[in-house]
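Visitor: sequence plus predicted model, see below.
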Amino acid sequence: MNLDIVVIGGGHAGIEAANAAWKIGAKTAMLVLSKKSIGRMSCNPAIGGVGKGQMVRDIDAMGGLMGALADGAGIMFRVLNASKGPAVWGNRAQCDMDLYSELAQKTLENLDGLQIIEGEATTLEKENENWKIVTQSGLQILCKAVIIASGTFLNSKMFTGLDKISIGGRINEPSSDLLPLSLQKLGIKTKRLKTGTPSRLDAASVDFSKCEIQHGDAEPWAFSGKSDAAKLCNSANCYLTRTTEQTHKILEAAFEKSPLFTGKIQGLGPRYCPSIEDKIKRFADKESHQLFLEPETKDAKRIYINGFSSSLPEETQIEAIRTIPGLENAVVLQIGYAVEYDAINATDLHQTLECKKHAGLYFAGQVCGTSGYEEAAAQGIVAGINAALKIKGKPPFILSRADSYIGVLIDDITSMEWNEPYRMFTSRAEYRLFLRADNSEQRLCEKAHDAGMLTQAQWENYKQESERIKKAREFLSENSGTPEQIAPILAGSGQAAIAEKTRWLSVLKRPGIKAETFFSVACPQLPLTRKEKLHILSEELYSGFFVRAAEEIANLQKMANLKIPENFDYSKLNALSIEARQKLSAAMPLTLGAAAKVAGVRAGDIVVLGRYVGAAPNFYIPLQ
């Protein structure tokens, strides 16, 4: 079988990688153990959150699938941080995990020409200019590029206490133990990481009256521009409860039986999503820890205890759970467990997510040392785009820290060593005021269109939206409101009243204003969508910051966009320091911006290198 691209894995990274490669026109196949495992939500059945929600919106603006899948499978939609400014809002959807997987499978099956092959990749090797994959059944596949999106399945083990250790990357799903041998032969180094999942409960056994209820938003926001927010399903509720002093005593008494504390688990878990036993040990001063009870499906028969992942023995977990308010009579349907697995060092990848040592070999998702569905999907779409573009002989697709959270994510993992799973937060993005959920299209649609990721209809929709926003801004900059018109807009905002006619755009700069209220007064005749109104308000609210940072961002983007030829011979560039030549030869950065981040490369070296790749002599040099 001969193909252009094979994606190994059907998780969130694999879905986006396969869709992207197919969209750009590569002959693509997904290799997965079972079609039914595609898009499986093995941990928390939710999409989005602070930082993560922005990534989902970015994926959608680039022609990806996660946003539309979350909208279609969502059962409760909320904006986190809604009391703060829109730059740090976090759209989140609790999903029906079964429906999400079903929608993902159907979506991929409906992509005409995309092949879905069931089987396990056991061997991967280079054969002339192609890659050869051999499956457990003996099927041989030749392709020009491979994207490994294997999640937590490489050499994976599951732990529940010291005695119950099983082989697998997810409950009832086997580990991939042969593919890592091929990676080892290719000289690809790996490290051990750990993740975990909590117990699931029978909802009928939970006393929700003892818990604090959380409702979805009355007017939910869609993730995808293709979704109708009015049709979003917002039928479920989540609940809050807390651990107790008795819970902590039971768990502490069993620490000697914890594979995490006794050394059975060697890999490090995510610092910001620790197991319950790790929380109690690290934060011994805390009397209790907040837990979220979240439904896994629309019928709400199974409850996920968000915040209570554990690898302690089954009997300990059950005893501790029953000391939590509302869970005194809880029936456990699936016990919590930890997973330890192999991950590669993402510093061995270019920002395209192609392996520096082996052309045509890409990695995406948790195998790159990240945590979370959103981080995985973000890598998947970038790997899929770049694999397809390379096959077509086109320039690479690289996002910078100034144009997307995806750019921040990939820059972070490919330029710095991480010994724990990486998780996205808004605090990781120095330009987070620019990287909002309301301006994803303005930041990314043109780039995605140039790469071949948008349909003509999507591109036309974007241009029409841009035109509506442009006309609205023109109207607001040319017209003013009277004090009487402005008064109801400022009501409840904490802002002082305005005593004279004022340009509408100036009114928008005042904090605390509601977009819907403003536009219903200022320009009810303009056909703006809810998101377009929020976008215009946000642009004005943060405009003062934009002016101060515009030059810095322009310089950063200039650096990020200056390409360095592949296989550039640094040893012949005598004007570089010896250390810089050695470090750059090892790192093989694709852009001048990436070269500037290589440890040991000085600002003077970047000036020299910049002249060779077309930068002006006085271009901006970032501090390391």
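Guide: The structure has been received and is ready for your questions. The structure presented is a predicted model; accordingly, all values stated were derived computationally and were not measured.
Visitor: for the rest of this, base every contact and every neighbour count on C-alpha atoms.
Guide: Noted.
Visitor: so where's this structure uncertain?
Guide: For the chain, applying pLDDT under 70 flags the ranges 272, 547-552, 555-557, 559-560, 600, 603-604, 615-624.
Visitor: remind me, longest strand of it?
Guide: strand 190-202 (DSSP state E).
Visitor: what packs against that one?
Guide: Here strand 190-202 touches strand 302-309, strand 332-334, strand 337-344, going by 3 or more CA pairs under 8 Å, 6 or more residues apart in numbering; DSSP states H and E.
Visitor: mean neighbour count and distance to residue 293 added to those strands, as TSV?
Guide: Shown next, in TSV, are these (neighbours: other CA atoms under 10 Å; distance: least, CA to CA, whole Å):
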stretch	mean neighbour count	distance to residue 293
strand 302-309	23	5
strand 332-334	16	13
strand 337-344	26	18
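Visitor: closest to residue 119 out of the ones you listed?
Guide: strand 337-344 (20.1 Å; CA to CA).
Visitor: which parts of the stretch 501-624 of the chain are helices?
Guide: Using DSSP state H, counting those that start in this stretch, the helices of the stretch 501-624 of the chain run over residues 504-508, 515-522, 530-541, 543-561, 578-587, 592-596, 603-612.
Visitor: what's around residue 353, how many residues?
Guide: If you count neighbours by other CA atoms under 10 Å, residue 353 ends up with 27.
Visitor: just residue 131 next, same as before
Guide: 23.
Visitor: quick check: it vs residue 314, distance?
Guide: Distance from residue 131 to residue 314, counting by CA to CA, to the nearest Å: 44 Å.
Visitor: one step back: out of the helices and strands packed on strand 190-202, nearest to residue 30?
Guide: Of those, nearest to residue 30 by CA to CA is strand 337-344, at 20.3 Å.
Visitor: I'd like the distance from the closest one to the chain centre, please.
Guide: Relative to its parent chain, strand 337-344 has a centroid offset of 19 Å by CA atoms, centre = their mean, to the nearest Å.
Visitor: each with direction, which strands does it pair with?
Guide: Using DSSP bridges, the strands paired with strand 337-344 are strand 157-160 (antiparallel), strand 190-202 (antiparallel).
Visitor: just checking, what packs against whatever helix or strand comes next after the last one?
Guide: Which is strand 190-202. On the C-terminal side of strand 190-202, the closest following helix or strand by DSSP states H and E is strand 212-214. If contacts are counted by 3+ CA pairs under 8 Å, 6+ apart, strand 212-214 sits against strand 238-242.
Visitor: could you dump the strand it packs on to PDB, C-alpha only?
Guide: What follows is strand 238-242 as a C-alpha-only set of coordinates in PDB (Å, rounded to 0.1, in the frame of the first residue of the first chain):
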ATOM      1  CA  CYS A 238     -22.100  20.000  37.400                       C
ATOM      2  CA  TYR A 239     -21.600  20.000  41.100                       C
ATOM      3  CA  LEU A 240     -19.000  21.000  43.700                       C
ATOM      4  CA  THR A 241     -18.000  19.200  46.800                       C
ATOM      5  CA  ARG A 242     -14.800  18.900  48.900                       C
END
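Visitor: in it, what counts as buried?
Guide: Counting neighbours by 16 or more other CA atoms under 10 Å, one finds that the buried residues in strand 238-242 are 238-242.
Visitor: who's in contact with residue 537?
Guide: 508-509, 515 (CA atoms under 8 Å, 6 or more residues apart in numbering).
Visitor: what do you get if the cut-off is 10 Å, keeping everything else the same?
Guide: 86, 438, 505, 507-511, 513-516, 518-519, 531, 543 (CA atoms under 10 Å, 6 or more residues apart in numbering).
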